[in-house]
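**Q** Give the three-dimensional model of this entry:
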Amino acid sequence: MNPGNLNNRIVFYNHTKTADGYGGYTSSSSSIIASIWGDATIKSGKIEQTNGKRNRNKIAEVIVRKHDFDLVTNVEFTFTIDGEGNYRINDHYELIEDELVKLTGTFEE
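**A** Have a look, this model is predicted:
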């Protein structure tokens, strides 16, 4: 892969939960875990209808360097692409002799 293709800034976030005082939890803040370069493409924008509401199921595919992705140890993190959107990691796997990692994420509203 040409390093010039890794031209999208991918920022990974960890969302913390705090007790709400009523036995439940609320998402209070998010902290940046890592900010790395990658090649991002939107693969799907299928529109689905759930409970009478139409949702666009947008899926992004991102390719990053493996040694950069090793900073992100938890697949429960979310990420943004060039500061836009909020994607939840669905899957990741290694490519090209352990040098690159491809991950997919679903857009969260």
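**Q** okay, CA-based contacts and neighbour counts for the rest of this
**A** Will do.
**Q** V101: how many residues sit nearby?
**A** With neighbours defined by other Cα atoms under 10 Å, the count for V101 comes to 21.
**Q** Contact partners for it?
**A** Residues near V101 by Cα atoms under 8 Å, 6 or more residues apart in numbering: 63-66, 69, 92-95.
**Q** Recalculate using a threshold of 6 Å.
**A** 63-64, 66, 93-95 (Cα atoms under 6 Å, 6 or more residues apart in numbering).
**Q** Y87 and H15, how far apart?
**A** When Cα to Cα, to the nearest Å is applied, the distance between Y87 and H15 equals 13 Å.
**Q** okay, those two: which has more neighbours?
**A** Each of Y87 and H15 has its neighbours counted (other Cα under 10 Å); Y87 has more, 22 against 14.
**Q** okay, the residue nearest to that one when sequence neighbours are not counted: pLDDT?
**A** Leaving aside its sequence neighbours, Y87 sits nearest to F107 (Cα to Cα, 6 or more residues apart in numbering; 4.4 Å). pLDDT, F107: 88.
**Q** now K43
**A** Predicted confidence (pLDDT) for K43: 85.
**Q** give me the number of residues near it?
**A** If we define neighbours as other Cα under 10 Å, then K43 has 12 of them.
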